[in-house]
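A.B. asks: Quick one, fold the following:
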Amino acid sequence: MQKADLVVVGGVVLTADGDWNIYDPGAVAVDGGDIVGLGPREEVERAYHGRERINASGKLVMPGLLNAHTHAPMTLFRGIADDLPLETWLYQYIWPAEAKWVDPDFVRLGTQLAAAEMIRSGTVLFCDMYFFQDEVAQVCREAGLRVVIGEGLVDFPNPDYRTPEEGLERNEYLLRKWEDDSLVVPSIQPHSPYICSSDLMRKGKALADKYGAPYLLHVSETQSEVQESIEKYGRTPVGRLADLGVLGPTTVAIHAVHLTDEDIELLAQYGAGVVHCPESQLKLASGFTPVPRLLEARVKVGLGTDGAASNNDLDMFGEMGTAARVHKVMAGDPTVVHARQALSMATVEAARVLGLEDRLGSLEVGKRADIIVLDLDVPHMVPVYDITSHLVYAAHSSDVRTVIIDGRVVMRDRELLTLDEGEVFARAREIAGRIAADL
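C.D. replies: Take a look at the predicted model:
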């Protein structure tokens, strides 16, 4: 019998691997942060003795969820400007608030609040675009949460740097500092083609390619953005990115709502990915990413929440359910974006979009141990005929009992082990009072 750091035994083990194997009852053995054993409970227990043991009998064991796009520190702006068009929300409320309030302490606190929310709801990794990303990385290291950090690149002064050149320098510093970290993945994230110059987007892509990093940006989020791009450049935003030479397998178009057939062909041709944020898009009435058409064209699609100021939560279970339902209505076809596709977009497909599929997104021997355990002994999860269907259409984020990230238990039986939530809540309420007084 081999020794392992941790063995999770019993319950239903949903792997989300290539064959979507399910073991009932199953078990997972973890050592050094890697999954070293996986399969029927009796086989794994015969092969591995865990220094720590988690009994998951009567529960579901599955891969943790991946939030492929958000702005974590914006939890502190949750609800300050709701029920507004995107341009009004962004230009008149969010950017002015950021200019006044965002600093390293704000980002640290907002990320702590986001980390608590995400861990509690079964998210094991999020891809962040914001400022002071070194603070985001440090918080995630302390909380035991995975993160893809991206210092938002823009052409104008912002709370973190004054010029685009300084922004590129800051990003290269982060790429060097965090490139070998077990939890932090640095990336390059220009905000969007409508506020980034061609030169900045090219330089950002060159930097991403130099370090083998993901390259993400908001693309074609509104119809007005697309129309302005056509008027100014004679091309849609996606077409412009292709002309600039920045489309490729590591490129990720966030939102990608208003896409032409040619846009979808270009994304497929270059192997680029897309992140769909359905609840944010619903709330801002910006439209819907054409997920069925993208999947038909074999474009990689992951799910994200967007920031808490435009969603207003970071709940990936809600995001999966919304993604599966809304496209059925849009297409008038109840078979599109079925439950397994929606679950894939929050696990294995999100990992593919971010270039992390070799180590994350499913439970497989050799991959990192990012595991969540859900309670099945609750009314809305009884009975179970199809577990993937239940996860998308019935499960709640509050069903998550235990979260393991990189082999470390960060939440056990709903007790968060890596963050002082009481202190975080108190400090968040204090700064929210000051922000509210200034509105």
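A.B. asks: Now find how far off-centre stretch 145-161 is within its chain.
C.D. replies: Relative to its chain's centre, stretch 145-161 lies at 16 Å (CA atoms, centre = their mean, to the nearest Å).
A.B. asks: Ignore what I typed, I meant stretch 144-163.
C.D. replies: Its chain's C-alpha centre lies 16 Å from the corresponding centre of stretch 144-163 when counted by CA atoms, centre = their mean.
A.B. asks: where do the helices sit along the stretch 101-250 of the chain?
C.D. replies: Counting by DSSP state H, counting those that start in this stretch, the stretch 101-250 of the chain has helices at residues 104-120, 133-143, 164-178, 198-211, 223-233, 237-244.
A.B. asks: Give the other helices and strands that the longest one contacts.
C.D. replies: Same thing as helix 104-120. Judged by 3 or more CB pairs under 8 Å, 6 or more residues apart in numbering; DSSP states H and E, the packing partners of helix 104-120 are strand 123-130, helix 133-143, strand 400-405, strand 408-412, strand 415-416, helix 421-438. Backbone N, C-alpha and C define where each C-beta goes, glycine included.
A.B. asks: now it against helix 133-143, angle please.
C.D. replies: Going by axes from the mean of the first three to the mean of the last three CA atoms, to 10 degrees, helix 104-120 is angled at 40 degrees with respect to helix 133-143.
A.B. asks: Using CSV, list the CA coordinates for helix 104-120.
C.D. replies: Below are the C-alpha coordinates for helix 104-120, written out as CSV (Å, rounded to 0.1, in the frame of the first residue of the first chain):
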residue,chain,number,x,y,z
PRO,A,104,-3.4,48.4,-3.4
ASP,A,105,-5.4,48.2,-0.1
PHE,A,106,-8.7,48.3,-2.0
VAL,A,107,-7.6,45.6,-4.4
ARG,A,108,-6.3,43.4,-1.5
LEU,A,109,-9.6,43.7,0.4
GLY,A,110,-11.8,43.3,-2.6
THR,A,111,-9.9,40.1,-3.6
GLN,A,112,-10.1,38.7,-0.1
LEU,A,113,-13.9,39.1,-0.3
ALA,A,114,-14.0,37.6,-3.8
ALA,A,115,-11.8,34.7,-2.7
ALA,A,116,-14.2,33.9,0.2
GLU,A,117,-17.2,34.0,-2.1
MET,A,118,-15.6,31.9,-4.8
ILE,A,119,-14.2,29.2,-2.5
ARG,A,120,-17.5,28.9,-0.8
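A.B. asks: before we move on, the earlier item: okay, the helices of the stretch 101-250 of the chain, which one's buried deepest?
C.D. replies: Most buried of these, by mean neighbour count (mean count of other CB atoms under 10 Å): helix 104-120, with a mean of 24.
A.B. asks: Could you pull up the mean pLDDT of stretch 271-290?
C.D. replies: Model confidence over stretch 271-290, given as mean pLDDT, is 95.
A.B. asks: can I have that stretch written out in CSV, keeping just the CAs?
C.D. replies: Extracted as CSV, the C-alpha positions of stretch 271-290 are listed here (Å, rounded to 0.1, in the frame of the first residue of the first chain):
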residue,chain,number,x,y,z
GLY,A,271,-7.7,28.4,-32.6
ALA,A,272,-8.7,31.3,-30.3
GLY,A,273,-11.0,30.9,-27.3
VAL,A,274,-14.1,32.7,-26.0
VAL,A,275,-15.4,33.4,-22.5
HIS,A,276,-19.1,33.6,-22.1
CYS,A,277,-20.5,35.7,-19.2
PRO,A,278,-24.2,35.1,-19.5
GLU,A,279,-25.5,36.7,-16.3
SER,A,280,-23.5,39.9,-16.8
GLN,A,281,-24.6,40.1,-20.4
LEU,A,282,-28.2,39.6,-19.3
LYS,A,283,-28.0,42.4,-16.7
LEU,A,284,-26.3,44.9,-19.1
ALA,A,285,-28.6,43.9,-22.0
SER,A,286,-25.6,43.6,-24.2
GLY,A,287,-26.8,40.4,-25.9
PHE,A,288,-25.6,36.9,-25.8
THR,A,289,-22.5,35.2,-27.0
PRO,A,290,-23.6,32.9,-29.9
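A.B. asks: list the buried ones in it?
C.D. replies: Buried residues in stretch 271-290, counted by 16 or more other CB atoms under 10 Å: 272-281, 283-284, 286-290.
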